[in-house]
Every structure is written in structure tokens, then in C-alpha cells.
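S.K.: Return a 3D structure for these sequence lines:
(chains A, B, C and D)
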2 protein chains.
Amino acid sequence: MTTSSYAVLALLDLRPWTGYELTQQAQRSLRYAWPKSERLLYSEPKKLVELGYATTHKETAGNRTRNVYEITSAGRRLLEEWTRSRTQPPRIEIEALLRLLFADHGSIDDLSRALDELEADIGERHGAVVELMASYLDGGHPFPERTHLSVLFATFQIEMFKAIERWIEFTRREIDEWPVTRDLGMTPRTEALTLLLANDRSPLASERGPRSN
Amino acid sequence: MTTSSYAVLALLDLRPWTGYELTQQAQRSLRYAWPKSERLLYSEPKKLVELGYATTHKETAGNRTRNVYEITSAGRRLLEEWTRSRTQPPRIEIEALLRLLFADHGSIDDLSRALDELEADIGERHGAVVELMASYLDGGHPFPERTHLSVLFATFQIEMFKAIERWIEFTRREIDEWPVTRDLGMTPRTEALTLLLANDRSPLASERGPRSN
DNA sequence: CACGCTATACTGCACATTACAGTAATGTCA
DNA sequence: TGACATTACTGTAATGTGCAGTATAGCGTG
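M.R.: Prediction:
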């Protein structure tokens, strides 16, 4: 049992799903906490059936069949156990940051474009979460009794996206001052920034200072 | 060539490294942008040699050998090309959020513990970056001419960690108000929160309002 | 009502990556 | 000089991804 298995099991505890529905639901709701490939979302419920944590039966619609998965009581017990186990540390992969770190192999334009691409990706997700929240206000939550959880989760996303967008803005202003990408080293601006960070102060917050008098 | 291959190639462009050094350096500098297993960091340079983007030779120290890898001019050309390619979207895996999303399978204590564990993991990384910045001020950057890049990268980390820590605090205060984890649904607090998010306002920023008059 | 297009509903397979165990030499401190 | 950490890897099973492939269903449109 991997964390992905528990994720699928947790979905099955909400209601029975077909394989296809699981892939769609995982795209919708789990994408930002636990992004997994469509392929895996088809394989996991099969594994759960083999292990006795779910059952499956085929439904037919005309000439077509689909697999419906349902959780078993052993599955429910296992889920409860899971909540008591150690949480794995976060894992954050951001290729745009890798490109920043090695930006001296390319032009300022290349770096700028990497930031644009990051901004576009984040912006898309950001917009999706905002729209989702609007739909919740209209009673559009598929499991209304679970709204309190979804909304705290969404709060995380929004805070994260806003932080990243602020950082992109800040970074763009910084690199706008650069003549080239290479060998600038510890410039006065960089030194000021390093000092702030070494004192665990937020360089972005201070820009838009709360008390700017 | 995967992104991980380019990451190793970019390290090799800084200076020659042994396999072991690459695993250490990747732990140190790449961990927060592109976390990869030790095993992969041993395999990648071998692949680069096969493809002609690096060369290798064995160095002996007593009864012991180690593989030293060096970038070739074909490797440098390839790196330049990479800076012009499309950046992959970010991928963020946070098991603690998955546990929040399905917190109704466990107790408030279970959820609380998941938050504690997330906080501990983030706090550790946060501390490491702050210390790293202090060391940069003391001239401790291994490639001083690249400080301008490392510090913008570190700015990202610090902003991210602070945002997550703020969210954890906020979420703890929210769940402290809950009698149970299940079926609370759209409480008045949740509704207020949803409304803020649907208008793309930060619920955390408003708490510590800049102009609290 | 045939045609194309999109959505539904998957499976197979190569390859990327991780987890874990195992091996062995070297350095270091008591 | 013995124990333990660090250096310096390799092998292998299991996990997960990307992509191609297959086939049916539903819907609009000329």
C-alpha cells in the first residue's frame, strides 16, 4: 500500500466510482495535493480489489462495459489505520526554479520566459481554484458535508499561488536590473537581500510595507 | 534526456565532480527545486558519458577508486539548447494536505498531528535556508560569482515556507473550533472563508491587516 | 442520416525513478 | 584497536509516468 493507494481508497469511501470517474475525480480534487497519472488511477483500484480492500463489478451500457469499484469493510478499517501513520514530507518539483538556479547558461530572455511559463501554469491553477470556490457558494460541492475540509485545502492553494505570483513579480524586477545572467555574484542588491533572508525577514512583504510612513 | 539529466549536466558545467560529490551537491543545492534520489544521481552521469555529453575517468586514493565526471563541449551546447525549451509545470506533493482533505476518516488529533509533522518538515528546511544565507554573508558560497542566482532561489524558498507556516497556524485555529472532523459542511466560518477565496482575497493576510484601524 | 468530433473507458509497454539492501574501503575518536 | 561514521558506489524489485493504441457512445451539422 502506497500513499496513492490510500488516496484512491479514501475516494472509494465517499461513494462507488468507475475507473474512469476515479481518474476524473483525482484530476479535479487531488491534483494539487497528490498529482498522479491517469494510468496509475486505473491500476490502483485493481490492486485494492486483489488485496480485499475493494470489490468490483462490471456495468454494461449497450455494447460497453465499465468497472465499478466499491470499498469493503476491511478497506474502511485500513483507512482509519492510515490516519494514525506518519505523514511523508512534502515534495516540491519546480523546473522553473532549476532554470533560475542555472540561468547563467542562457540569456535574460530565457530566464524571463521560464518565469512567464511558471506564471501561466500557476495562474491557470489559481483561476481554477477561485472558480471552484464560487461554485461552492452556489451549493455546487459534490459532497456538501465535506465543504469545511475542501475550503481549508483551497485556502492552502490560494496562499501558495499568491506567494508564488508575488515572488515572480519581485524576481522579474530584480532581473530587469541585470545586464547579463552570468557572474554578477554578490551585488549590493543581492547582499541586501541575503541579509534580509539570513534574518528570516520576508523581502516581498517589506516592499509593500504595512506601515509605510 | 530528462530534466534530471540537464540538472546533472548543469552541475558538471560548474566543475568536475565525482559521483559521490554529485549526490551530495544535489542534496544540498537542488533538493528544493528538483529533489532526486541518490541512486539516480549515480546513474545520470553514466548516461551522460554514454551519450557523449560528459567524460569520466577513475581516480585512485590508496585501495579505492572514484569516478570523476567532466562535461564535454557537446554537453555545453546541449545545456544552452535546454534553456530555450519549454519549462515543465510545477508538481507539488504534500501528503499532509491529502490527510486534511480526508480528515473525516480520523480524529481531530490525527489531523493535528499531520499538521505538526508538516510544520516540522517545513521548519527544518526553513532553518537550513536561513543558515545558508548567513553563510553566504560570510563569503561561504562555493561559487561566489553565482550568488545572485542562489539568493533569488532562496527568496522563493523562504516565501514558500513562511506562507505554509502561516497557513498551518491559521488551519490549527480553525480546527480548534471543530467538535469533530466529520459532516460539518458549510459552517458560517467556512462560508465566510469561501467567500473570501471566491473573490481571490487572502484570508491569512486579512487577519493581520495592514491597516487595522 | 452519414460524418466527424469529443467524451467515455480502458490496456500494454517501455522507460524513469525510488527504495532498499548490500559491499567495501577510509577516516576518526576514545 | 575497535567501533562507528563517512566515502563510494552497485544490483534489483517495485513504483509510477508517458505514450500509443483500441473501441464504443453521444452529439451536432450539413
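S.K.: Quick one: list the elements packing against the helix or strand containing residue A:55.
M.R.: Element membership for residue A:55 (DSSP states H and E) is strand A:54-61. In terms of contacts (3 or more Cβ pairs under 8 Å, 6 or more residues apart in numbering or on different chains; DSSP states H and E), strand A:54-61 is packed against helix A:38-51, strand A:64-71. (Each C-beta comes from the backbone N, C-alpha and C, glycine too.)
S.K.: Nearest to residue B:126 among these would be which one?
M.R.: Set against residue B:126 and scored by Cβ to Cβ, those come closest in helix A:38-51, at 31.3 Å.
S.K.: Return the list of helices and strands in contact with that closest one.
M.R.: helix A:3-14, helix A:19-25, strand A:54-61, strand A:64-71.
S.K.: most packed of those?
M.R.: For the helices and strands packed on helix A:38-51, the largest average neighbour count (mean count of other Cβ atoms under 10 Å in any protein chain shown) is found in helix A:3-14, namely a mean of 22.
S.K.: ok, that one near DNA strand D or not?
M.R.: Yes - among the residues of helix A:3-14, A:3-5 lie within reach of DNA strand D under Cβ under 7 Å from any atom of the strand.
S.K.: between the residues you listed, which is closest to DNA strand C?
M.R.: Using Cβ to the nearest atom of the strand, residue A:3 is the member of the residues of helix A:3-14 next to DNA strand D that lies nearest DNA strand C, at 10.0 Å.
S.K.: residues near residue A:83, how many?
M.R.: Neighbourhood size, residue A:83 [other Cβ atoms under 10 Å in any protein chain shown]: 22.
S.K.: Run through the residues that contact it.
M.R.: B:99, B:102-103, B:105-107, B:110-111 (Cβ atoms under 8 Å, 6 or more residues apart in numbering or on different chains).
S.K.: and chain B, which of the residues of helix A:3-14 next to DNA strand D reach it?
M.R.: Contacts with chain B within those, counted by Cβ under 8 Å from any Cβ of the partner chain: residue A:3.
S.K.: how about the residues of helix A:3-14 next to DNA strand D in JSON lines, adding pLDDT?
M.R.: Supplementary listing: these in JSON lines, determined by pLDDT from 0 to 100:
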{"residue": "A:3", "pLDDT": "96"}
{"residue": "A:4", "pLDDT": "96"}
{"residue": "A:5", "pLDDT": "97"}
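S.K.: circling back to that earlier point, what would the helices and strands packed on strand A:54-61 look like in CSV with distance to residue A:182 and mean pLDDT?
M.R.: Below are the helices and strands packed on strand A:54-61 laid out as CSV (distance: least, Cβ to Cβ, whole Å; pLDDT from 0 to 100):
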stretch, distance to residue A:182, mean pLDDT
helix A:38-51, 41, 96
strand A:64-71, 55, 94
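S.K.: Same list, those, but as a markdown table with distance to residue A:124 please.
M.R.: Below are the helices and strands packed on strand A:54-61 laid out as a markdown table (distance: least, Cβ to Cβ, whole Å):
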| stretch | distance to residue A:124 |
| --- | --- |
| helix A:38-51 | 19 |
| strand A:64-71 | 30 |
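S.K.: Quick one: closest of these to residue B:51.
M.R.: Per Cβ to Cβ, nearest to residue B:51 of the helices and strands packed on strand A:54-61: helix A:38-51, 27.5 Å.
S.K.: Would you mind listing the buried residues in the closest one?
M.R.: Of the residues in helix A:38-51, A:40-41, A:43-45, A:47-49 count as buried by neighbour count, 16 or more other Cβ atoms under 10 Å in any protein chain shown.
S.K.: For that helix, which outside residues touch it?
M.R.: The set of residues external to helix A:38-51 that reach it, using Cβ under 8 Å, 6+ apart, is A:1, A:4-5, A:8-9, A:12, A:19, A:22-23, A:26-27, A:54-56, A:67, A:69, A:75.
S.K.: how close does the residue positioned nearest the centre of chain A get to DNA strand C?
M.R.: Centroid check for chain A by Cα atoms, centre = their mean gives residue A:32 as the closest residue, at 2.3 Å. Using Cβ to the nearest atom of the strand, to the nearest Å, we find residue A:32 at a distance of 19 Å from DNA strand C.
S.K.: looking at it, that residue is touching residue A:157, isn't it?
M.R.: Yes - here residue A:32 reaches residue A:157: they are 5.4 Å apart, a contact under Cβ atoms under 8 Å.
S.K.: between those two, what contacts are shared?
M.R.: Joint contacts of residue A:32 and residue A:157 (Cβ under 8 Å, 6+ apart) are A:125, A:129.
S.K.: Surely residue A:122 is in contact with residue A:163?
M.R.: No - Residue A:122 is beyond contact range of residue A:163, at 9.8 Å (criterion: Cβ under 8 Å).
S.K.: touching DNA strand C at all, the helix or strand harbouring residue A:100?
M.R.: Assessed by DSSP H and E, residue A:100 sits inside helix A:95-101. No - judged by Cβ under 7 Å from any atom of the strand, helix A:95-101 makes no contact with DNA strand C; its nearest approach is 10.7 Å.
S.K.: Could you name the helices and strands sitting against that helix?
M.R.: For helix A:95-101, the elements it packs on are helix A:108-137, helix B:3-14, helix B:147-176, judged by 3+ Cβ pairs under 8 Å, 6+ apart.
S.K.: Now with 10 Å, please.
M.R.: Applying 3 or more Cβ pairs under 10 Å, 6 or more residues apart in numbering or on different chains; DSSP states H and E, one finds that helix A:95-101 contacts helix A:108-137, helix A:147-176, helix B:3-14, helix B:73-83, helix B:147-176.
S.K.: can you tell if that helix touches DNA strand D?
M.R.: No - applying Cβ under 7 Å from any atom of the strand, one finds helix A:95-101 separated from DNA strand D by no less than 11.3 Å.
S.K.: picking that back up, can you put the buried residues of helix A:38-51 in JSON lines and add distance to residue B:177?
M.R.: Output for the buried residues of helix A:38-51, formatted as JSON lines (distance: Cβ to Cβ, whole Å):
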{"residue": "A:40", "distance to residue B:177": "36"}
{"residue": "A:41", "distance to residue B:177": "34"}
{"residue": "A:43", "distance to residue B:177": "40"}
{"residue": "A:44", "distance to residue B:177": "35"}
{"residue": "A:45", "distance to residue B:177": "36"}
{"residue": "A:47", "distance to residue B:177": "38"}
{"residue": "A:48", "distance to residue B:177": "35"}
{"residue": "A:49", "distance to residue B:177": "39"}
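S.K.: From what I see, residue A:66 and residue A:23 are in contact.
M.R.: No - contact criterion Cβ atoms under 10 Å: residue A:66 and residue A:23 do not qualify, at 11.8 Å.
S.K.: pLDDT weak spots in chain A?
M.R.: A:206-213 (pLDDT under 70).
S.K.: Could you pick out the residues of it near DNA strand D for me?
M.R.: A:2-5, A:35-40, A:43, A:61-64.
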